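Visitor: show me how the following folds:
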Amino acid sequence: RACTPIYSQRDLKGIVAQYNADQLLTLRDKVSLQIKEGLTDRASDFGILLDDVAITQLSYSTEFSKAVEQKQVAQQYAERAKFIVMRTEQEREAAVIRAKGESQAAEMISDAIDEAGRGLVDIRRIEAAAEIAKTLTAGNNITYLPSGNMLYGISTN
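Guide: This is a model prediction of the structure:
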């Protein structure tokens, strides 16, 4: 009897089919051991003694390589999408916290006005009027100012 390559190819394919591509690379020693055991058993049927079996080169079809690349690209898109969702959630949370802070600040100002009077509001109006006047005087354009009280409702008494 003669040992034909068909037997060894069939055994190899059967063992290799048990693993995915990543496992073939990472579990090379385990796969090599299983192949050695399978081929040793098959060779012993023909009176051949195998000393060693080693996997020296793994190659994949072009279609398989493209599929692996497409999978990696899809994973990168998925990771990017997760990052965008996470960033959006953080921005939303920051907006909520900011709004709560502004609400508390408004309450504190309102309480201060109730306790101490409208002096703070008048100071803010004067500061705003001064800033507007500074901006208007810096430009070369003609500016029309409203007639009446220039201090926006602050009594000048």
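Visitor: for the rest of this, base every contact and every neighbour count on C-alpha atoms.
Guide: Fine.
Visitor: which parts of this structure are helices?
Guide: Here the chain has its helices, by DSSP state H, at 5-16, 21-26, 28-44, 62-116, 119-138.
Visitor: any idea how far residue 20 lies from residue 31?
Guide: According to Cα to Cα, to the nearest Å, residue 20 stands 11 Å off from residue 31.
Visitor: can you put the helices of the chain in TSV and add distance to residue 52 and mean neighbour count?
Guide: Converted to TSV, those look like this (distance: least, Cα to Cα, whole Å; neighbours: other Cα atoms under 10 Å):
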stretch	distance to residue 52	mean neighbour count
helix 5-16	14	13
helix 21-26	18	13
helix 28-44	7	17
helix 62-116	29	12
helix 119-138	88	13
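Visitor: between these, which one is nearest to residue 51?
Guide: With Cα to Cα as the criterion, residue 51 lies closest to helix 28-44 of these, at 8.5 Å.
Visitor: any idea of the mean pLDDT in that closest one?
Guide: When pLDDT is averaged over helix 28-44, the result is 83.
Visitor: ok so, going back, go through the helices of the chain and find the least confident stretch.
Guide: helix 5-16 (a mean of 73).
Visitor: need the helices of the chain in CSV with distance to residue 51, can you?
Guide: Converted to CSV, the helices of the chain look like this (distance: least, Cα to Cα, whole Å):
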stretch, distance to residue 51
helix 5-16, 15
helix 21-26, 22
helix 28-44, 9
helix 62-116, 33
helix 119-138, 91
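Visitor: so which of those comes closest to residue 56?
Guide: Using Cα to Cα, the nearest of the helices of the chain to residue 56 is helix 28-44, at 9.7 Å.
Visitor: any residues in contact with both of residue 20 and residue 31?
Guide: Residues touching both residue 20 and residue 31 do not exist when contact is defined as Cα atoms under 8 Å, 6 or more residues apart in numbering.
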